[in-house]
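[1] Here is the input, now give the coordinates:
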Amino acid sequence: MTRFFKLSGCGNDFIALVEPAAPPTAPEIRAWCRRGLSLGADGVFALSRIEAGVEMRYWNSDGGPAALCLNGTRCAALLALHLGFCRERVTVRTGAGDLAARRLDDGTMAVEAPPPSAAGEITLRTADGEFQGWRVSVGVPHFVCFRDTTVEEVPLERWAPPLRRHRELGPEGANVDFVSVLSRRRLSIRSFERGIEGETLACGTGVLAAAAAGVAAGLVELPLRAHTRGGFPLDVLGAAAGGGIERWELAGDARLIAEGRLSSGAAEAPLDRPAKEAP
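    Have a look, this model is predicted:
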C-alpha cells in the first residue's frame, strides 16, 4: 500500500507521495487520477528533502512529466511545512528551477515564479475562426486570448482543443487561457491544460501568463487578482515596468485535504479492460 497526501491549491488538486522508494509509473498515475474510479486528481507529485530545501517531481494526470505546476508547487511547500521539513519559508526545486515559497497565513501560500518569456502577439486559425492572442511561457507555454465578453460565455471544450494542439504552438502545443479584463487590477480566467486535456478549476501558470500578456498589452498592472473557474482568487504580487515583469509571486489558497494509503484497487484500470459480453 502506498502512503499519500491529498492537497488542493485553489481547486487544482494533487496526490502527493513523500520520499517514495521509486517514482510512480505512468499507468499508476493515470489510474490514481481517474475520478470516480480511484482517488482522483489533476496531477501527482513526489516530495523529497534535499540540502537546499525540498525537491518536487511533478506529473500530469495523463502520466507525463511537467517541468512546472505553480499550484502544485504551492501545495508542495505547504506539505513541506506540515511535515516539519522547514519553517514558514522553503526553496522548492522544480523542473523549471529553484523557487522560493512562503506562508502568508494559515490558508495562503505564495511562490515566486520564473521570469516569463517575452509575450508575443499571434493569430491562430481553426475551424471556429480566428483567435488573436498572446504566446508566453512561464515554465510551460500558454496561449492567452483576451475576450470582450465574459469568460463564462466561452465554449471552452470546443474552442480550446484545436488551439492547444495548434501547429504554430510547436509539437507539444500549449495550455489555453481565455481571459476577461475586469479592471486594471482584476481579471477573470478559464484555462484548458495540456496533460490533463480539459478545463481545470485553476491554473497557476495560466494566471501568470495572463498577467504577463495583460501587462505587455497595457491592459493590467501589478499587483492584480485573478478570479478562477473554481471560485478561488489567485493574486499576482510584484512589480512590472515598461511592458514587462520585474518580479512576481503567485499567492492563493492551499490546503491539505487528506492522508492515507492507496490500496492495489486504486491502481487498477477498469476502463482499459475489454467490455464483457452481455449474458
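
[2] what are the ranges of the helices in this structure?
    All helices of the chain, identified by DSSP state H, fall at 26-32, 70-82, 156-164, 204-216.

[3] Any chance you could list what contacts the third one?
    This means helix 156-164. 124, 126-128, 131, 143, 145, 169, 173-176, 178, 190, 192, 194, 197-199 (Cβ atoms under 8 Å, 6 or more residues apart in numbering). Bear in mind the C-beta positions are built from the backbone N, C-alpha and C, glycine included.

[4] For ChimeraX, what selects the buried ones among those?
    If you want just the buried ones from the contacts of helix 156-164 in ChimeraX, going by 16 or more other Cβ atoms under 10 Å, the selection is:
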select :124,131,143,145,169,173,174,175,176,178,190,192,194,199
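
[5] confidence score at the nearest residue to residue 238 once chain neighbours are set aside?
    Excluding its sequence neighbours, the residue lying closest to residue 238 (Cβ to Cβ, 6 or more residues apart in numbering) is residue 248, at 3.3 Å. pLDDT recorded at residue 248 is 95.

[6] Roughly how far does residue 161 sit from residue 138?
    To residue 138, residue 161 is 21 Å away according to Cβ to Cβ, to the nearest Å.

[7] of these two, who's got more company?
    residue 138 (28 against 17; other Cβ atoms under 10 Å).

[8] you'd agree the more buried one is up against residue 114?
    Yes - at 6.8 Å, residue 138 counts as touching residue 114 under the criterion of Cβ atoms under 8 Å.

[9] Overlap of the contact sets of those two?
    Common neighbours of residue 138 and residue 114 (Cβ under 8 Å, 6+ apart) are residue 68.

[10] Go through the contacts of helix 156-164 and flag which are in strands.
    Secondary structure from DSSP state E places 124, 126, 131, 143, 145, 175-176, 178, 190, 192, 198-199 of the contacts of helix 156-164 in strands.

[11] Of these, which is the nearest to residue 34?
    Nearest to residue 34, judged by Cβ to Cβ, of the ones in strands among the contacts of helix 156-164 is residue 198 at 12.6 Å.

[12] Nearest residue to that closest one in space, please, no chain neighbours.
    Excluding the flanking residues, the one nearest residue 198 by Cβ to Cβ, 6+ apart is residue 192, at 6.7 Å.

[13] swap in residue 247?
    Closest to residue 247 by Cβ to Cβ, 6+ apart is residue 238, at 4.6 Å.

[14] quick one: the one you found and residue 215, what's the gap?
    Using Cβ to Cβ, we find residue 238 at a distance of 10 Å from residue 215.

[15] who has more neighbours, the two?
    Neighbours per residue, other Cβ under 10 Å: of residue 238 and residue 215, the larger number sits with residue 215, 23 against 18.

[16] what residues are shared contacts of residue 238 and residue 215?
    Contact with both residue 238 and residue 215 is made by residues 222, 245, according to Cβ under 8 Å, 6+ apart.

[17] pLDDT of stretch 130-148, averaged?
    pLDDT averaged over stretch 130-148 gives 96.

[18] Just the buried positions in it, please.
    131, 133-147.

[19] With stretch 229-240 instead?
    Within stretch 229-240, the residues that count as buried by 16+ other Cβ under 10 Å are 229-230, 232, 234-238, 240.

[20] List the contacts of that stretch.
    10-12, 110, 189-191, 199-202, 204, 207-208, 211, 215, 221-228, 245-253.

[21] Weed out the non-buried ones from the residues you listed.
    10-12, 110, 189-191, 199-202, 204, 207-208, 211, 215, 222-228, 245, 248-253.

[22] So for the closest residue in space to residue 243 that isn't next to it in sequence, what's the pLDDT?
    Leaving aside its sequence neighbours, residue 243 sits nearest to residue 216 (Cβ to Cβ, 6+ apart; 5.1 Å). Confidence at residue 216, expressed as pLDDT, is 96.

[23] any idea how far residue 216 lies from residue 117?
    Separation of residue 216 from residue 117 (Cβ to Cβ): 11 Å.

[24] Between those two, point out the one with more neighbours.
    residue 216 (22 against 15).

[25] The closest residue to residue 9 other than its chain neighbours: neighbouring residues, count only.
    Distance criterion Cβ to Cβ, 6+ apart; nearest residue to residue 9, sequence neighbours excluded, is residue 71 at 3.5 Å. The number of residues packed near residue 71 is 34, by other Cβ under 10 Å.
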